[in-house]
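Undergrad: The following block contains a protein sequence and its predicted model.
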Amino acid sequence: MATHSDSDIRSLIKSMTLEEKCSLLSGEDFWHTKAVARLGIPAVMVSDGPHGLRKQDTAHEGTGINDSIKAVCFPAACATTSSFDRDLLQRLGETLGDECQAEDVSTILGPAINIKRSPLCGRNFEYMSEDPYLAGELAAAYINGVQSKGVGVSLKHFALNNQEYRRLTCSSNCDERTMREIYLAAFERAVKKSQPRTIMHSYNLINGTYAGESRWLLRRVLRKEWGYKGVVMSDWGAVNNRVAGVMAGGDLEMPGTDGVNDRKVLKAARKNKKLHKRIDESCFRILRWVYDFLDNRQEGSFDFEKHHAIARQMEEESIVLLKNDGMLPLNTQEQFALIGEFAKKPRFQGGGSSHINAIEVTSAFDAFQKAGASFVYEQGYLTEETDGDEQKSEELLAAAVAAAKKCGRAVVFAGLPDSFESEGYDRKHLDMPENQNKLIAALADAGVQVTVVMHNGSPVVMPWRDKVSAIVEAYLGGEAVGEAVMNVLTGTVNPSGKLPETFPLRLEDTPSYLNFANDKNSCEYSEGIYVGYRWYDARKMDVEYPFGFGLSYTTFEYSDLELNSDCLTDCGKKSKKGKDRITASITVTNTGKVEGKEVVQLYVSARADTAHDISRPERELKGFQKVSLKPGESVRVSFTLGKRSFAYYETALGDWYAPSGTYEIQIGSSSRDIRACAPVTFKTKLSLPLDIGPNTTLGDLIANKRTRKIIKAFLKKVLQKREAGAAEKEAISDEMIEQTFDATPLRGLYMMGAHVKKKLYRRLIEDLLETEEK
Ligand code: BGC
């Protein structure tokens, strides 16, 4: 197969007319790029995903809302992220890559990794986590998997598209530190670890500029700082001003607009030579991507049954056991009641552009029946209850309670109906349908031992949580969800998923409660970096279930946390014999009776003596590893950390900065179940820039290494000269004076003329300014 080198592509671009180049900058239709017949440049197809192929049947006439081909529906990202398993995500990517090759799809439009700022966001089921480290790590694994098959991805939606409400016109207003640490960090990690072939810019504006027109975002941050080489394409219909988009580095407009915007770019290019360079760069990136696929074409087919089995395994690894008072594993020899419409018709995926035309959906009902389990089934509730259905609902509830009472045990399938969460709109509350809540409570109140299996794409409030025996979070588990849930319920598979997001107790507790989808034109990210567990931990709030939480049928013990050194040093860009790294190791032992998997989580806490004037979260996830252990087996798990694990984004430096001081390494089984801690010292010579002027405070001068000595000596002198009598000393102690000085600007010293002589003051300023020159 002919391969196209970079110089082949450059020659091709040289032979293109300006018109041809401009035409390449938008799609032919909803799903294809444009061909240039004169030069033999072919078109390629892209297709939605990310948890299966949504390849449209009638692409060329399409509006993008036609039926798509039948495909395997894997669990949605809300579920697969709960696996905390890089290998699993890599395998999902490889599997999808094979499907894309078989279907001649160049690029799958995903993964989607916007941070779950609020559990209300309608698309959270497609997104990965509230934590950028977790989302970035798993996205990179997925991307590397897809791209290892010669197929591209489109990492989306870049960036700060964290609500559906007015997503095309609303500005996400956010300070830079928060963007860097929370909303851009997952993209940064994924870009650096996997170079996705394309990135999809989002619909929204960021601080007043459309994402697709932001030179800061696309050129400076994405390309210059992170070294991104691939294509930036628009989200579907996200283009506002195409010429501004091209100038900002937006390569491809999708879908095509019948050449309307291409002509605008052509017209602008005829007047503005600067645009030519941008157009050529975009053409290069687009053709590089097109030929990267075509040069690696592998025609073939794939085995649907095999992929269905992979979908089942993915879900088995992802299911989170939230509660178990002993009802699970379920004994299926004795009769139990299987209740709920979702047991027969599971909700296994979300609505919108990620919706897969699934080949074969298996329900728990079918799975239990096939396995020969002994159960009685009752519908229990109407999934979508409308006015006038009250009577019917009462009857269903009564029948379910009667059946369950006879068995003494019930497994209830519950959760959110399709209409509750979807692309295009956000939820208004965190409640489950009232009829389901009533049913679960009624069963428990009737003395039935209840296990609830949840099908939902994001957290819900569970008012019956204390009454039931067990809760299994299956999320939206893909087409094999019924088999996977049965295997976990019966103990054939030991659950090992952990929550990638916090389940709050009430909507009012959530970090963005006061500023979510409540303004037509903008959304203020005023909670800053305090998103998800960072918020609940800082405020010491109780939650329904914490980030990183998930039970197993076995137990794990953590022991012997050891660091290879108690100190690491900031060596700038040059690494000095590993002095800028530290390795933490811990032993994890399976202390129970069955084989199981544990997700070992490492958090860094910068709250000791490093917090100074900068606000930092209680703890932040900086490492995780999933290990599999037989009963009695132990394994040593190691994590290597560098400066970035201790740093925050310092806008004064325009870079990541970790102040010198002591940090704490915390290792545990969830963000609220820390099993071992160890202190570590971080040393840096880098100090923050300090502009000395009349308004610089004495506190800042003391905090700065450069000026600390001078100011301390000065204060000592002032205090010595204090001629206060005993009564005044009692009223205003030296400590009080020191505290007051902390916030006093230099000009304040002069005004306190009583204590500070003019000469002394002038001398101080001279000394301080001299340090600036050094
Ligand atoms: C969605 C994208 C999707 C695209 C194509 C947009 O509305 O935001 O996630 O890939 O449509 O269907």
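TA: That came through fine.
Undergrad: In contact with the closest residue to the ligand within the stretch 51-200 of the chain, which residues?
TA: With C-beta to the nearest ligand atom, the shortest gap between the stretch 51-200 of the chain and the ligand falls at L109, namely 3.9 Å. Bear in mind the C-beta positions are built from the backbone N, C-alpha and C, glycine included. If a contact means C-beta atoms under 8 Å, 6 or more residues apart in numbering, then L109 has V46, S47, D48, G49, P50, V153, S154, K156, M200, S353 as its contacts.
Undergrad: Keep only those that also lie close to the ligand.
TA: The subset of the contacts of L109 within reach of the ligand, by C-beta under 6 Å from any ligand atom, is D48, K156, S353.
Undergrad: Now go through those residues and say which are in strands.
TA: D48, K156 (DSSP state E).
Undergrad: Just put the ones next to the ligand among the contacts of L109 in JSON lines and tack on neighbour count.
TA: Below are the ones next to the ligand among the contacts of L109 laid out as JSON lines (neighbours: other C-beta atoms under 10 Å):
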{"residue": "D48", "neighbour count": "24"}
{"residue": "K156", "neighbour count": "25"}
{"residue": "S353", "neighbour count": "19"}
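Undergrad: Looking at the ones next to the ligand among the contacts of L109, spot the one nearest G572.
TA: G572 lies nearest to K156 out of the ones next to the ligand among the contacts of L109, by C-beta to C-beta, at 34.4 Å.
Undergrad: Leaving out chain neighbours, which residue sits closest to that closest one?
TA: M200 (3.7 Å; C-beta to C-beta, 6 or more residues apart in numbering).
Undergrad: Is V468 in a helix, a strand, or coil?
TA: Recorded secondary structure, V468: coil (DSSP: H, G, I helix; E, B strand; the rest coil).
Undergrad: Give me the neighbour count for it.
TA: Other residues near V468 come to 22 when the count uses other C-beta atoms under 10 Å.
Undergrad: What score does it have for pLDDT?
TA: With respect to pLDDT, V468 has a value of 98.
Undergrad: So in the protein, which helix runs the longest?
TA: helix 274-294 (DSSP state H).
Undergrad: buried stuff in that one?
TA: Neighbour counts using 16 or more other C-beta atoms under 10 Å place 275, 278-280, 282-294 of helix 274-294 among the buried residues.
Undergrad: who touches it?
TA: Identification of contacts with helix 274-294 by C-beta under 8 Å, 6+ apart yields 3-4, 6, 9-10, 12-13, 16, 18, 21-22, 24-25, 33, 41-44, 106-107, 150-152, 197-198, 229-232, 243, 246-247, 249-252, 265, 268-269.
Undergrad: Swap in 7 Å and give it another go.
TA: Contact partners of helix 274-294, identified using C-beta atoms under 7 Å, 6 or more residues apart in numbering, comprise 4, 9-10, 12-13, 21-22, 24-25, 33, 42, 44, 106, 150-152, 197-198, 230-231, 246-247, 251-252, 268-269.
Undergrad: Now for R177: which residues touch it?
TA: R177 sits in contact with I529, Y649, T651, where contact means C-beta under 7 Å, 6+ apart.
Undergrad: ok, now how distant is the last one from N515?
TA: So that's T651. Per C-beta to C-beta, to the nearest Å, T651 is found 21 Å from N515.
Undergrad: same deal with the second one?
TA: Y649 sits 21 Å away from N515 when distances are taken as C-beta to C-beta.
Undergrad: Mind checking which of the two has more residues around it?
TA: Shown here are Y649 and N515; by other C-beta under 10 Å, Y649 has more neighbours (20 against 17).
Undergrad: number of nearby residues for the nearest residue to that one once chain neighbours are set aside?
TA: Nearest non-adjacent residue to Y649, counting by C-beta to C-beta, 6+ apart: R180, 3.8 Å away. R180 has 23 neighbours, counted by other C-beta under 10 Å.
Undergrad: my read: R180 touches T651, true?
TA: No. R180 is beyond contact range of T651, at 8.5 Å (criterion: C-beta atoms under 7 Å).
Undergrad: Past the longest helix of the chain, which element shows up next along the chain?
TA: helix 304-318 (DSSP states H and E).
Undergrad: can you pull the buried residues of the helix or strand just after that following helix?
TA: Reading on from helix 304-318 to the C-terminus, the next helix or strand found by DSSP H and E is strand 320-324. Neighbour-count burial for strand 320-324 flags V320, L321, L322, K323, N324 (criterion: 16+ other C-beta under 10 Å).
Undergrad: got the contact list for the fourth one?
TA: In this case it means K323. Going by C-beta under 7 Å, 6+ apart, K323 touches A470, I471.
Undergrad: Kindly report the residues of the stretch 151-300 of the chain close to the ligand.
TA: Within the stretch 151-300 of the chain, the positions lying close to the ligand (C-beta under 6 Å from any ligand atom) are K156, D235, W236.
Undergrad: Mind doing that once more with 8 Å?
TA: S154, K156, H157, N161, R167, M200, S202, Y203, D235, W236, G237, M254 (C-beta under 8 Å from any ligand atom).
Undergrad: From those, list just the buried residues.
TA: Buried by 16+ other C-beta under 10 Å: S154, K156, H157, N161, R167, M200, S202, Y203, D235, W236, M254, out of those.
Undergrad: Give me the subset of these lying in strands.
TA: Per DSSP E, the subset of those in strands is S154, K156, H157, M200.
Undergrad: now, the most widely separated pair of those residues?
TA: Taking C-beta to C-beta as the measure, those span a maximum distance of 9.4 Å, between S154 and H157.
Undergrad: residues shared between the contacts of these two?
TA: M200.
Undergrad: Perfect, that will be all.
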